[in-house]
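Engineer: Structure here, sequence nowhere to be found:
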Ligand code: DX5
Ligand code: ZN
């Protein structure tokens, strides 16, 4: 299956998290925000790696019909390797696995072999040193700014030095790696994260939790652009 191009690494991207959308009308939710967003962030939770359950490949497959955006699938799963192929077949464009689950090198190469854009995620309390050895093997580094599991949590500013360290390492090595932040991103925190070097902003509540999600996405992008 052909994959959607993610666009140039390092460019500012707004990625709405469908976790905060109405699961009863996901297709209309994603169509609503299409004009002001870049990627679609799909939160997959297995009830084991995180204490919550969400969606899997069949939903990705159904949503594919309604969006031509890059599907950025965030796999909060203890055993993502069992499902990577199913996500790739369902229409995921990129899959991000968590470094905390182990077996990272093998998972990353499995993603690559499936034609997926390759992402690696780290929880707020996971040090940069845990992901640094993999920078040359990935396209995206996701630095969680909340502990994963639920939308609508507060941004953990203590993660910002890690974002800065990641940006410096990526730039110093001339790597084409996106740095994504996820959790508590809103018009106040987006410019902070971008100022530290993040370029992909995941936002659930700040987009789908608002009365006008399309307008909220535009406001978020404008706020991010004010970063120092
Ligand atoms: C957290 C998820 C996030 C979450 C973001 O477990 O990975 O993508 O939905 O939601 P907000 O933006 O509401 O913090
Ligand atoms: Zn996520």
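Structural biologist: Perfect, I can see it now. Here the structure is a predicted model, which means the values were calculated and not measured. Ligands and ions are numbered 1, 2, ... in the order given.
Engineer: Can you get me a residue count around the residue in the chain that ligand 2 sits nearest to?
Structural biologist: In the chain, the residue that lies nearest ligand 2 is residue 74 (3.7 Å; CB to the ion). From N, CA and C alone the C-beta is placed, and that goes for glycine too. Neighbourhood size, residue 74 [other CB atoms under 10 Å]: 27.
Engineer: quick one: which helix or strand includes it?
Structural biologist: Assessed by DSSP states H and E, residue 74 sits inside strand 70-76.
Engineer: State the mean pLDDT of that strand.
Structural biologist: For strand 70-76, the mean pLDDT works out to 98.
Engineer: Next, the buried residues of that strand.
Structural biologist: For strand 70-76, the neighbour count (16 or more other CB atoms under 10 Å) marks 70-76 as buried.
Engineer: and if you look at stretch 209-228?
Structural biologist: The neighbour-count check on stretch 209-228 (16+ other CB under 10 Å) flags 210, 213-214, 216-221, 223-224 as buried.
Engineer: Kindly indicate which of those lies nearest residue 34.
Structural biologist: Nearest to residue 34 out of these is residue 214 (CB to CB; 8.3 Å).
Engineer: residues touching that closest one, list them.
Structural biologist: Listed by CB atoms under 8 Å, 6 or more residues apart in numbering, the contact set of residue 214 reads 32-33, 35-36.
Engineer: Repeat that for residue 100.
Structural biologist: By CB under 8 Å, 6+ apart, residue 100 lies in contact with 49, 122-123, 126.
Engineer: Would you mind listing the buried residues in stretch 185-204?
Structural biologist: Of the residues in stretch 185-204, those with enough neighbours to count as buried (16+ other CB under 10 Å) are 185-187, 189-194, 196-204.
Engineer: Check stretch 8-24 too.
Structural biologist: 9-10, 13-21.
Engineer: And stretch 39-55, by the same measure?
Structural biologist: Result for stretch 39-55 [16+ other CB under 10 Å]: buried residues 39-46, 49-50, 54-55.
Engineer: Just the ones of those residues in strands?
Structural biologist: Using DSSP state E, the subset of these located in strands is 39-45.
Engineer: Would you check which pair of those residues lies furthest apart?
Structural biologist: Across these, no pair lies farther apart than 39 and 45, at 18.6 Å, counting by CB to CB.
Engineer: Show me the beta-bridge partners of residue 17.
Structural biologist: residue 41 (DSSP bridges).
Engineer: which ones are touching it?
Structural biologist: Here residue 17 is in contact with 41, 43, 151, 182, 202-204, 207-208 (CB under 8 Å, 6+ apart).
Engineer: try residue 53
Structural biologist: 45-47.
Engineer: ok, what's across the strand from it?
Structural biologist: According to DSSP bridges, the residues that bridge with residue 53 are residue 46.
Engineer: number of nearby residues for residue 178?
Structural biologist: Residue 178 has 25 neighbouring residues, counting by other CB under 10 Å.
Engineer: you'd agree it is up against residue 200?
Structural biologist: Yes. Judged on CB atoms under 8 Å, residue 178 makes contact with residue 200 at a distance of 5.1 Å.
Engineer: any residues in contact with both of these two?
Structural biologist: Common contacts of residue 178 and residue 200 (CB under 8 Å, 6+ apart): 13, 140.
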